[in-house]
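below: sequence and its predicted model.
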Amino acid sequence: MKSKEFRVLNPRLDVNFKAIFTQNTRDSRDALKSFLTAAIGRKIKKVSVIENENPKQFDLQRGISYDINCVFEDETCAQIEMQGFEKAYDYGKRAEYYVSRLVSSAVETGDDWNVVPEAYQISVLNFCYDKSNDKPFHHYIMADEKDGAKLAGILNVIFMELPKIPEINNLSELKNLPSLVKWCKFLQEADNPDKEDLINALSKSEEGIMKAESTLKGISMDRWRWIIQGQIEGIERDRITELNARKREDEKRRIEDEKRRIEDEKRRIEDERRRQEDEKRRIEDEKRAKEDEKRRIEKEELQQKKEELRQEKEKLTQREASIHDREKKLAASVQKLVKMGLSPEQISDALSLPIDDVHNLRLSAET
């Protein structure tokens, strides 16, 4: 049975997340050690929280304000932060920069390289950073890109992506869950009144979570923390509202640009269609012109052939007439020579004609 509703602060806001682990109480310190043990994967016996502001090394260098900056019993240093809202920058570059600054701030000029501590940058992300897979936990190190061999192994970046944590449908599943999954589930649902049974079960299964829940309830009694949370959430809502407004404007411009692009494309297609039709007409006109030219040439050639035939016929007629006149003259000459008493042989010699032609001409003259 659920107890009377007691609202707690949102642990996914960095200010509340920090408050859970930095109170001057045993519960808060134990909760921090439990969370770090789960995140790093080795037992943390002692941890000291130090000032969040790293000293600037020179005037133009950025100062970095960490959420929780701490040192373990073996001088390993860690920086833990909660990113409750996704911002428009590269969290990977940011984490690498932070962990390198964490190491550089822990070493003094002249120190031996052997004193350079191992460092962890631990980010709890209330959004999906790596959208290429559904793994919620990533431990990044400096290693060979081909065989995975580590370098010194001192720089470590750990990302926990809360939205990728699977749903717990049955409380009996808790006994088989890793501690880090339980911690992430607690951070996801601690302020959700509908998940009170789950939070109670998580607290019973993990002592560190129980102490974190106790601390969260304690700081949730501070009215000013609720005011601060409201201000942060209001600022974030304003930012998201403005961002969404810009997105809508960008989308509106994108749609208008797309409409213009479509209209331009339609005009281009229409112009291309008209160009193709013009080209088709040009080709058809050219084809007709060639056919007309072919017919003209064929007609001219036919006329020329007719004219040549006419001229040839005319020449043949003239030639036949000439031959006929010549034959008549020769026939007259043969007839004249016959009357003069010449024999056919004599006429053949006189006119240089074959004897058969003389006989034919003689007969022609007689008829």
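Cool, the structure landed. None of these values were measured; they are calculated from a predicted model.

quick check: which element contains A350?
helix 344-351 (DSSP states H and E).

helices of the stretch 1-150 of the chain, residue ranges please.
14-22, 26-40, 91-104 (DSSP state H, counting those that start in this stretch).

what residues of the last one count as buried?
For helix 91-104, burial by neighbour count (16 or more other C-beta atoms under 10 Å) applies to 91, 94-96, 98-99, 101-103. Bear in mind the C-beta positions are built from the backbone N, C-alpha and C, glycine included.

pull the distance from that helix to the chain's centre.
30 Å (C-alpha atoms, centre = their mean, to the nearest Å).

elements contacting that helix?
Secondary structure elements in contact with helix 91-104, counted by 3 or more C-beta pairs under 8 Å, 6 or more residues apart in numbering; DSSP states H and E, are strand 77-83, strand 119-125, strand 155-161.

of those, which approaches I219 most closely?
strand 77-83 (14.3 Å; C-beta to C-beta).

give the partner strands of the closest one in its sheet and their orientations.
strand 68-72 (antiparallel), strand 119-125 (parallel) (DSSP bridges).

what mean pLDDT would you report for it?
The average pLDDT within strand 77-83 is 92.

that strand to helix 14-22, inter-axis angle?
140 degrees (axes from the mean of the first three to the mean of the last three C-alpha atoms, to 10 degrees).

relative to helix 91-104, how tilted is strand 77-83?
150 degrees.

strand 77-83 to strand 155-161, inter-axis angle?
Using the same axes, to 10 degrees: strand 77-83 against strand 155-161 is 30 degrees.

for the host helix or strand of R275, packing partners?
Counting by DSSP H and E, the element that carries R275 is helix 223-339. Secondary-structure packing of helix 223-339 (3+ C-beta pairs under 8 Å, 6+ apart): helix 14-22, helix 344-351, helix 355-366.

hmm, 6 Å instead?
Contact partners of helix 223-339 among helices and strands, from 3 or more C-beta pairs under 6 Å, 6 or more residues apart in numbering; DSSP states H and E: helix 355-366.

give the buried residues for the helix it packs on.
Applying 16+ other C-beta under 10 Å to helix 355-366 flags 358, 360-362, 365 as buried.

I'd like to know how many residues surround D67.
19 (other C-beta atoms under 10 Å).

ok so, going back, for the helices of the stretch 1-150 of the chain, which has the smallest mean pLDDT value?
helix 91-104 (a mean of 89).

who's in contact with it?
64, 77, 79, 119, 121, 123, 129, 155, 157 (C-beta atoms under 6 Å, 6 or more residues apart in numbering).

sort those by pLDDT and name the bottom one.
The minimum pLDDT among these falls on I64, with 38.

which elements pack onto the helix or strand of the chain with the lowest mean pLDDT?
Sorted by mean pLDDT, DSSP states H and E, the helices and strands of the chain end with helix 355-366, the least confident at a mean of 73. In terms of contacts (3+ C-beta pairs under 6 Å, 6+ apart), helix 355-366 is packed against helix 223-339, helix 344-351.

looking at these, which is closest to L198?
helix 223-339 (21.9 Å).

centre of the chain versus that closest one, how much separation?
Counting by C-alpha atoms, centre = their mean, helix 223-339 comes out at 40 Å from the chain centroid.

please apply the same query to stretch 131-148.
On C-alpha atoms, centre = their mean, the centre of stretch 131-148 falls 24 Å from that of its chain.

before we move on, what about stretch 96-114?
Averaging C-alpha positions (C-alpha atoms, centre = their mean) puts stretch 96-114 40 Å from its chain's average.

rewinding a little: need the winner for burial among the strands paired with strand 77-83.
Stretch with highest mean neighbour count among those: strand 119-125 (a mean of 23; mean count of other C-beta atoms under 10 Å).

quick one: that strand to helix 26-40, angle?
100 degrees.
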